[in-house]
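> Sequence and predicted structure are below.
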There are 2 protein chains.
Amino acid sequence: LKKHKFIVNGRIWVETATGLFLGYGRIELLKKIREFGSISKAAAEMKMSYRQAWELVDSINKHSNDPLVIKQTGGKGGGGAILTTAGEKAIKDFEKLNENFQNFLTEQTYHLGNL
Amino acid sequence: LKKHKFIVNGRIWVETATGLFLGYGRIELLKKIREFGSISKAAAEMKMSYRQAWELVDSINKHSNDPLVIKQTGGKGGGGAILTTAGEKAIKDFEKLNENFQNFLTEQTYHLGNL
């Protein structure tokens, strides 16, 4: 009889008193915006609508003390955008946090042993 | 200008190669079954259908090496059920795991500082 192996898994996010600030999806969006310099291209890469991506960026900026993304309206293709220094820092901090979390999951899986 | 305070939040669960074994909802169900000795009463308390609760219990047992719940069919009210020793241990282990996770979240919130 084969025994089940147990894995501790999970997800984390950063929130403020008024709601979600950063999670895996939002970080992915920020990284795509950094890569493409464009909300519309980032949205297309993530298979979401431009409107959805705009709203996510608005929500991210609304929940941060300094804007993480500066949006540029109009112009050819529309929706040019750049990541601020605060945006770069937020990605870095979240990735460090997630690295800590992945280590936590590995440790806890190890200590869980056989349920 | 009021500054946002950031909180690291999240959720964890235990899975096997074939799917979810235990999460917060399943642990709550196991505790209600322990309390009431009945899947139907536990289901009612959790505002789920008896069928849903049965299926969750089946899934829990299917993903564990030893059954956590022994179901008794038939009889007045139907669906009497008892938690096994493995069931008691699973609740205890999950709660310890979740305690470790809550401590992790508190630490990470503290170290996050100002994004």
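Here it is on my side, so go on. Numbering: from 1, shown residues only, chains lettered A, B, ... in the order given.

> just checking, A:Leu83 touches A:Lys71?
No - in this structure, A:Leu83 is not within contact of A:Lys71 by C-beta atoms under 8 Å, at 11.0 Å. Where you see a C-beta, it was placed from the backbone N, CA and C, and this is true even at glycine.

> of the two, who's got more company?
More crowded of A:Leu83 and A:Lys71, by other C-beta atoms under 10 Å in any protein chain shown: A:Leu83, with 20 against 16.

> So for the more buried one, what's the nearest residue that isn't a sequence neighbour?
Using C-beta to C-beta, 6 or more residues apart in numbering or on different chains and skipping residues adjacent in sequence, the residue nearest A:Leu83 is A:Arg34, 4.6 Å away.

> Now do whichever helix or strand that neighbour is part of: distance to the chain's middle.
Applying DSSP states H and E as the criterion places A:Arg34 in helix A:24-36. For helix A:24-36, the separation from the chain centroid amounts to 7 Å (computed by C-alpha atoms, centre = their mean, to the nearest Å).

> Go ahead and confirm the residue nearest to A:Leu83 touches A:Thr84.
No - counting by C-beta under 8 Å, A:Arg34 does not reach A:Thr84; the two are 10.4 Å apart.

> Next one: the residue positioned nearest the centre of chain A relative to chain B, how far apart?
For chain A, the residue nearest the mean C-alpha position is A:Ile27 (1.9 Å; C-alpha atoms, centre = their mean). For A:Ile27, the distance to chain B equals 12 Å [C-beta to the nearest C-beta, to the nearest Å].

> what does A:Arg51 give?
25 Å.

> give me phi/psi at that residue?
phi -60, psi -50 (degrees, to the nearest 10).

> quick one: pLDDT of it?
You'll see A:Arg51 listed with a pLDDT of 93.

> again, but for the one 3 residues further on
Per-residue confidence at A:Trp54 stands at 92 (pLDDT).

> which residues touch the residue nearest to it when sequence neighbours are not counted?
Closest residue to A:Trp54 apart from its sequence neighbours, by C-beta to C-beta, 6+ apart: A:Ile39 at 6.1 Å. For A:Ile39, the contact set (C-beta atoms under 8 Å, 6 or more residues apart in numbering or on different chains) comprises A:Ile33, A:Tyr50, A:Ala53, A:Trp54, A:Val57, A:Val69, A:Lys71, A:Gly79, A:Gly80, A:Ala81.
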